[in-house]
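Undergrad: test case, fold it:
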Amino acid sequence: MTTDFSSLPLVHTIPGAADVAVEHHLYPTAHGALAFDLYRPPPPSTPCPAIVFVTGLPDPAVTAMVGKPLKDCASSIGWARLVAASGLAGITYLNHTPADVTALIHHLRAARGPDGEVLGDQRELSVRGGDE
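TA: Numbering: from 1, shown residues only. Predicted structure coming up:
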């Protein structure tokens, strides 16, 4: 019997985490646009501090190992929902090279949504790295 680790949820959650909406966006990189997901606390149009969940592996390698990129793994989604339910925006992203996180952060500092709204509070952008 094998375990699909990419589908295992977090052990702990908080009220409201499952109800957090996700917005799908793109950011530019040297090798083309890549996707990132923005988990915003309610109300979703309010700018707020954001946490970028930084990965240490390129997604092509992760996908080869577990069948999907880290941003789409249940633990990454769970962390993003958890921080959003706590009042911060959570951001997960695709990457191909280490430089992609820098491109994402530059994009987030200047990014606007489709209606011109700020995607996050550019003064308060933090990164969280480590094993999911």
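Undergrad: ranges for the helices of the protein?
TA: Counting by DSSP state H, one finds helices in the chain at the ranges 59-66, 74-85, 99-110.
Undergrad: just name the most buried of those.
TA: By mean neighbour count, with neighbours taken as mean count of other Cβ atoms under 10 Å, helix 74-85 ranks first of the helices of the chain at a mean of 22. To be clear about C-beta, it is placed using only N, CA and C from the backbone, and glycine gets the same treatment.
Undergrad: who touches that one?
TA: Contacts with helix 74-85, where a contact means Cβ atoms under 8 Å, 6 or more residues apart in numbering, come from 6-10, 13-20, 22, 37, 39-41, 51, 53, 70-71, 89-92, 128, 132.
Undergrad: restrict those to the buried ones and give me that as a ChimeraX selection.
TA: Listed next is the ChimeraX selection for buried residues among the contacts of helix 74-85, using 16 or more other Cβ atoms under 10 Å:
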select :6,17,20,37,39,40,41,51,53,70,71,89,90,91,92,132
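Undergrad: so which of the contacts of helix 74-85 belong to strands?
TA: Assigned to strands by DSSP state E, the following of those qualify: 22, 37, 39, 51, 53, 89, 90, 91, 92, 128.
Undergrad: specify the beta-bridge partners of the residue nearest to the spatial centre of the chain.
TA: The chain has residue 92 as the residue nearest its centroid, 1.4 Å off, counting by Cα atoms, centre = their mean. Residues in a beta bridge with residue 92, per DSSP bridges, are residue 37.
Undergrad: in contact with it, which residues?
TA: Contacts of residue 92 by Cβ under 8 Å, 6+ apart are 36, 37, 39, 53, 70, 71, 76, 77, 80.
Undergrad: where's residue 27 relative to residue 40, distance?
TA: 16 Å (Cβ to Cβ, to the nearest Å).
Undergrad: I should have written residue 81 there, sorry.
TA: From residue 81 to residue 40 the distance is 11 Å (Cβ to Cβ).
Undergrad: likewise for residue 90?
TA: From residue 90 to residue 40 the distance is 8 Å (Cβ to Cβ).
Undergrad: how about residue 47?
TA: From residue 47 to residue 40 the distance is 9 Å (Cβ to Cβ).
Undergrad: contact partners for residue 37?
TA: 22, 23, 24, 25, 71, 80, 91, 92, 93.
Undergrad: done for today, thanks.
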